Structure formats: structure tokens, C-alpha cells
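Visitor: 3D model of this:
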Amino acid sequence: MSFFFKQLKRGVAKGFTLIEMLVVIAIFTIMTGIILANLPEFRDQTSLELLAQQMAINIRTVQVYGVATRISNDGQADRFGWYGIRFSLADQGASVVNRSVSRMFSDVVQDGKYDETTDVAEFDYRISNGYEITNICAVSSQNPNCVDMPGGMVDVVYRRPNPEATFCSGVNSTCAYNWDNFSEIYIKIGRISDGKRWKCLKVSSNGQIAVLPGFKLEKDAPCYLAP
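Guide: Alright, predicted model coming up:
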């Protein structure tokens, strides 16, 4: 019998006391509260990061079409067209391209810009979850500061067989084929209404496409400066 009680005491000594259990529950409750409190912010941050990566992939897809041998959808199988993508902050005439929609197009007349009457709209990329393009600006060799694109719009065009990008800005404007004029453009995405952070993409005239690291915590913070 004494052996049984000794074994029982040993078993009791190996367990948790009530105070220890309460401490563990309190710590677990605090950690759960912290995680749940930061979950919406973490989710928004992840969604914005994934959106920026997807937009970069969209631009890269247009670049691949532009340097490859894919024909346009206008039925002219014997011609290799230029390909581009339009970003805009507002509707352009009858176009559906706006802050939340970018359009991939085949530049049929090969003038480096999108014209609804002559060019072929290939595909519309839609931004979801309440995000939209909030700013488009460009850096040139003459002006190292990022200058807002005229008309709040830019066409990024790739001409076969060159992987380099050409940029056209402004409605019905003459495009700049001299790559020294626009060395790179920056596209900022986020939420205008309740945005807490913004993400930036950089498209360079030398063909590079990149999602910039980090987030902008101010709406008017320029993309070309480090976060």
C-alpha cells in the first residue's frame, strides 16, 4: 500500500499546478489576441505584394509577346506586330482602361501607342480586392525626379526583336522612341480610400521589370526613392 501511495505522489509531482495552467492559458490568450489583431493588416500586405507581382508578370508577358513570333488577333498571319500594355488613371474616351484595368494590345500600325480604332485589344487585366493604380510617373535623363505622366496614362510597348521598352504618354501624343527621354517609369498601386501602404513597380527602358522592395507608408511618397 505504501508503495502505491509513493507512486501516486510521484505521479502528482510530475503534473501542472493550477497556477501554472492559468499562466499558460493567459500567455496563449495574449498571443492569440496579438495574432488576430494583426491578421487583417498582414492579409492586406500579402494581397498587395501578390498583386504587384502579378502586374509585373503581366508586363513580362507583353514583353515576351513583343519579342517572340506570336501574331496578333486581327487575322494577318504574315505580320509580326508590336505588343504593348496601357496603364491609365482615368477612362480614355470609350476605353474601359482605368485605375483598376490595364489593357494588353497589339500595335498594328506600329506607332508605339494604343489606338482603339486601328490597334487590337488582346486582353484586359483587372485589379481586384479594392486596389487600383494611384500614380504613374517617369524618370528621364534630363530630369532625375519622377514626373507625373501627361494625361495620367502610359503605353509600354515592346518591338520585335528588341526586349527594350518604349514609352508613350499623353492622349494622342507623339511617342518618345529615344530611350534616353524616358529611362524608367514607376507605377504605384494601393487603396485610395483607406490605404495604409502602397507598392511600386519599375519598368526600365532597358527591358528590366521589377517590383520594388518594401512598402510606401505615405500616399504621396515617390516610388523612385528608397522606402
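
Visitor: going forward, measure contacts and count neighbours with C-alpha atoms only.
Guide: Will do.

Visitor: Distance from the chain centre to the helix or strand F28 falls within, please.
Guide: Here F28, judged by DSSP states H and E, is contained in helix 18-67. The gap between where helix 18-67 is centred and where its chain is centred comes out at 16 Å by Cα atoms, centre = their mean, to the nearest Å.

Visitor: Show me what it is packed against.
Guide: Here helix 18-67 touches strand 82-88, strand 153-158, strand 199-204, strand 209-211, going by 3 or more Cα pairs under 8 Å, 6 or more residues apart in numbering; DSSP states H and E.

Visitor: Now the ones you listed in CSV, please, with extra columns for distance to T118, mean neighbour count and mean pLDDT.
Guide: As requested, the helices and strands packed on helix 18-67 are exported to CSV (distance: least, Cα to Cα, whole Å; neighbours: other Cα atoms under 10 Å; pLDDT from 0 to 100):
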stretch, distance to T118, mean neighbour count, mean pLDDT
strand 82-88, 13, 27, 88
strand 153-158, 15, 27, 88
strand 199-204, 26, 23, 90
strand 209-211, 28, 19, 92
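
Visitor: and of these, who's closest to R60?
Guide: Of all those, strand 209-211 sits nearest to R60, with 7.1 Å by Cα to Cα.

Visitor: and that closest one, what does it pack onto?
Guide: The contact analysis (3+ Cα pairs under 8 Å, 6+ apart) places strand 209-211 against helix 18-67, strand 199-204.

Visitor: Where among those is average confidence lowest?
Guide: Least confident of the helices and strands packed on strand 209-211, judged by mean pLDDT, is helix 18-67 with a mean of 82.

Visitor: now that helix against strand 153-158, angle please.
Guide: Taking axes from the mean of the first three to the mean of the last three Cα atoms, to 10 degrees, one finds helix 18-67 and strand 153-158 inclined to each other by 70 degrees.

Visitor: quick one, helix 18-67 and strand 199-204 angle?
Guide: Per the same axes, to 10 degrees, the angle that helix 18-67 makes with strand 199-204 is 30 degrees.

Visitor: about what we covered before: export the helices and strands packed on helix 18-67 to TSV and tack on distance to I34?
Guide: Listed next are those as TSV, based on distance: least, Cα to Cα, whole Å:
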stretch	distance to I34
strand 82-88	39
strand 153-158	42
strand 199-204	25
strand 209-211	30
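
Visitor: T46 versus the most centrally placed residue in the chain, what's the distance?
Guide: In the chain, the centroid-proximal residue (Cα atoms, centre = their mean) is A52; its distance is 2.0 Å. With distances taken as Cα to Cα, to the nearest Å, A52 is found 10 Å from T46.
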